[in-house]
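Participant: I would like to see how this sequence folds:
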Amino acid sequence: MGMQMLITILALVLAGRWIDRRYPPDFPLYTLLFALLGVAGSMYSFISKVK
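Facilitator: This next block holds a predicted model:
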């Protein structure tokens, strides 16, 4: 379960970095948003499986 969380978060961070390089904002906006989305989604999945 931990490996799934890691892969999900890593995949979304890499996607955010790719978007940030393609459409550069002032700061790494998409990397931050996608990382938070990955953490939230992974935690939701983890909590729903534990219940």
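Participant: mind listing what R17 touches?
Facilitator: Listed by C-beta atoms under 8 Å, 6 or more residues apart in numbering, the contact partners of R17 are 28, 30-31. Quick note: C-beta positions are derived from backbone N, CA and C, even for glycine.
Participant: can you rerun that using 10 Å?
Facilitator: 28, 30-31, 34-35 (C-beta atoms under 10 Å, 6 or more residues apart in numbering).
Participant: and those residues, which of them are in helices?
Facilitator: 30-31, 34-35 (DSSP state H).
Participant: what helix or strand does T8 sit in?
Facilitator: helix 2-22 (DSSP states H and E).
Participant: buried sites along that helix?
Facilitator: 5, 8-9, 12-13, 15-16, 19-20 (16 or more other C-beta atoms under 10 Å).
Participant: for the residues you listed, which one is nearest S48?
Facilitator: When those are compared for distance to S48 (C-beta to C-beta), M5 wins out at 12.7 Å.
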